[in-house]
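**Student:** Pasting the sequence and the predicted coordinates here, then a few questions.
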Amino acid sequence: MTHPIYNFSAGPAVMPQAVLKEAHAHFLNYQQSGMSVMELSHRSALFEQILADAEASLRRLMAIPDNYKVLFVQGGASLQFSMVPLNLAHTNRVAYIDSGSWSQKAIAEAKKHVEVTVLASSADVNYSELPQVNIVEDTYDYVHITTNNTIEGTAFLELPRMNDKTILVADMSSNILSSTYNVTDFGLIYAGAQKNIGPAGVTIVIVRDDLIQTQPLLPTMLSYDTYATANSMYNTPPTFAIYMAKLVLEWLEAEGGVALMEERNRAKAERLYRFIDESDFYTSPVAPTSRSLTNIPFLTASPTLDKQFTQEAAAAGLVNLEGHRSVGGMRASLYNAMPLAGVDALIDFMSVFAKKNQLMEVSRG
């Protein structure tokens, strides 16, 4: 009997088995149409219903008010690094909180278009903790935040407060639907799908109506107004990615919603953090007050042991535990679809690996 495979990839990431089985059933013949769901025209009634169902499910899960549009776009969160300033920067004053690699990329793109103020940064401590910004008193067109830092393993579970004239914009790619946020605290939220929503290929944008304006000088596909006016179907959208997102969103509802997911994710993360903190073999590079619930980096005593760990873990069915190439070490991504059994299997392996290598060090000594 083969052991199960647990996929700890940061993205594209593990998906719910129930969703994959349902998609498999519809792959060749969707709702007796005689066509695969991948073959459906985006103008067909069948796909229009898929799109409507996906949006309705997301609205229920996140309690999205009627005065916010839900857009399905392409280009990943990386395209939003440009779309946000191009659409929202009207006075040419915007601000960013620099909490890691993805914040840096967003800042670099925004600087190509507008004047950027970096309100705070934790670069001086190698992003091992969150920068401190409690209240934003100055006025900007928007303040941008990355709610979860996939590479560094930190997360804003409490948000900085804005003044009345400044909106908060969030890159929520890696913890959307896994931690509870109030949509009305934001003017705009964007998230690549490939963590908690589905496969890569579609990006969700949730944007307040009054922030969507006609931008005649913008390229058509870089304007939020294009997507809002055409119900995300100005051109052919990523139909299969949207279909898979619909299934995942419906699965999340059936499982009990975002609050229950956060409870489960907190339990998974606390179990792994507790093991790391109590170990004399593994260390966490992240300050306890800043730790992510979804992306957990950890280290052994050396890069050589780290490499050995990931190789032996993969052979044991614990795959994609390598840390990001920019930081090394290991990283366990515990998105919504990762079961508690996967975390327990990882901890069991970590325990065995530590004991084996500690004994080897003793024997060498």
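**Tutor:** The structure has been received and is ready for your questions. Given the structure is predicted, the values throughout are model-derived calculations rather than measurements. Numbers count the residues shown, from 1 in each chain.

**Student:** per the record, what domains does this protein have?
**Tutor:** Split into domains by automatic domain parsing, the chain comes to 17-255, 257-364.

**Student:** Run the chain-centre distance for the shortest one.
**Tutor:** On the basis of Cα atoms, centre = their mean, to the nearest Å, domain 257-364 sits 19 Å off its chain's mean C-alpha point.

**Student:** Where does pLDDT dip in this protein?
**Tutor:** Where the chain drops to pLDDT under 70, the residues are 1-3, 359-365.

**Student:** Do you have the helices of it handy? List them.
**Tutor:** 17-26, 45-62, 76-88, 101-110, 224-229, 239-255, 258-278, 303-315, 340-364 (DSSP state H).

**Student:** for the domains of the chain, which one sits closest to residue 5?
**Tutor:** domain 257-364 (4.9 Å; Cβ to Cβ). All C-beta spots, glycine's among them, are computed from the backbone N, C-alpha and C.

**Student:** hang on, the earlier thing: would you turn the domains of the chain into JSON lines with distance to residue 9 and mean neighbour count?
**Tutor:** JSON lines is the format used below for the domains of the chain (distance: least, Cβ to Cβ, whole Å; neighbours: other Cβ atoms under 10 Å):
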{"stretch": "domain 17-255", "distance to residue 9": "9", "mean neighbour count": "18"}
{"stretch": "domain 257-364", "distance to residue 9": "4", "mean neighbour count": "17"}
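
**Student:** so which of these gets nearest residue 8?
**Tutor:** domain 257-364 (4.8 Å).

**Student:** Tell me how far the spatially closest residue to residue 265 that is not a sequence neighbour lies from residue 264.
**Tutor:** In space, residue 265 comes closest to residue 293 once its chain neighbours are excluded; the distance is 4.6 Å by Cβ to Cβ, 6 or more residues apart in numbering. From residue 293 across to residue 264, the span is 10 Å (Cβ to Cβ, to the nearest Å).

**Student:** got it, and residue 358?
**Tutor:** Taken as Cβ to Cβ, the span from residue 358 to residue 264 is 32 Å.

**Student:** likewise residue 127?
**Tutor:** Distance from residue 127 to residue 264, by Cβ to Cβ: 26 Å.

**Student:** and if you look at residue 4?
**Tutor:** 18 Å.

**Student:** returning to that earlier point: okay, the helices of the chain in CSV with distance to residue 326 next?
**Tutor:** Below are these laid out as CSV (distance: least, Cβ to Cβ, whole Å):
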stretch, distance to residue 326
helix 17-26, 31
helix 45-62, 31
helix 76-88, 16
helix 101-110, 6
helix 224-229, 31
helix 239-255, 27
helix 258-278, 21
helix 303-315, 14
helix 340-364, 22
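
**Student:** who wins for proximity to residue 38 among those helices?
**Tutor:** Taking these one by one with Cβ to Cβ, helix 239-255 is closest: 5.0 Å.

**Student:** what residues does that closest one touch?
**Tutor:** 15-16, 18-19, 22-23, 37-38, 40, 42, 47, 50-51, 53-54, 57-58, 60-61, 72, 177, 193, 196-202, 204, 258, 261, 336 (Cβ atoms under 8 Å, 6 or more residues apart in numbering).

**Student:** What of stretch 198-205?
**Tutor:** 11-12, 15, 58, 69-77, 79-80, 176, 188-194, 197, 224, 227, 237-238, 240-242, 244-245, 247-248.

**Student:** measure it end to end?
**Tutor:** 15 Å (Cα to Cα, to the nearest Å).

**Student:** Same check on stretch 155-164?
**Tutor:** 24 Å.

**Student:** cool, stretch 290-303 as well?
**Tutor:** Start-to-end, stretch 290-303 (Cα to Cα) is 24 Å.

**Student:** For the remainder of this discussion, apply numbering that starts at 48.
**Tutor:** I'll keep to 48 as the first residue from here, and by that count the last item is stretch 337-350.

**Student:** ok now do residue 378, which residues does it touch?
**Tutor:** 55, 57, 198, 200, 342, 343, 344, 345, 368, 369, 370, 371.

**Student:** Let's see that with 7 Å instead.
**Tutor:** 57, 200, 342, 343, 344, 368, 370, 371 (Cβ atoms under 7 Å, 6 or more residues apart in numbering).

**Student:** Could you give the bridge partners of it?
**Tutor:** Beta-bridge partners for residue 378, by DSSP bridges, are residue 344.

**Student:** What separation is there between it and residue 372?
**Tutor:** 11 Å.

**Student:** before we move on, what about residue 217?
**Tutor:** 25 Å.

**Student:** Same question for residue 266.
**Tutor:** Residue 266 is 32 Å from residue 372, by Cβ to Cβ.

**Student:** repeat for residue 335
**Tutor:** Taking Cβ to Cβ, one finds residue 335 at 26 Å from residue 372.

**Student:** do residue 277 as well
**Tutor:** 38 Å.

**Student:** got it, and residue 126?
**Tutor:** 22 Å.

**Student:** Stretch 223-230: how far from the chain's middle?
**Tutor:** Distance, centroid of stretch 223-230 to centroid of chain: 11 Å (Cα atoms, centre = their mean).

**Student:** wait, I meant stretch 133-143
**Tutor:** 24 Å.

**Student:** Pull the contacting residues for the residue lying closest to residue 114 once chain neighbours are set aside.
**Tutor:** Excluding its sequence neighbours, the residue lying closest to residue 114 (Cβ to Cβ, 6+ apart) is residue 256, at 4.9 Å. By Cβ under 7 Å, 6+ apart, residue 256 lies in contact with 114, 115, 116.

**Student:** Mind putting those residues into JSON lines with distance to residue 315?
**Tutor:** Listed next are the contacts of residue 256 as JSON lines, based on distance: Cβ to Cβ, whole Å:
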{"residue": "114", "distance to residue 315": "35"}
{"residue": "115", "distance to residue 315": "30"}
{"residue": "116", "distance to residue 315": "33"}
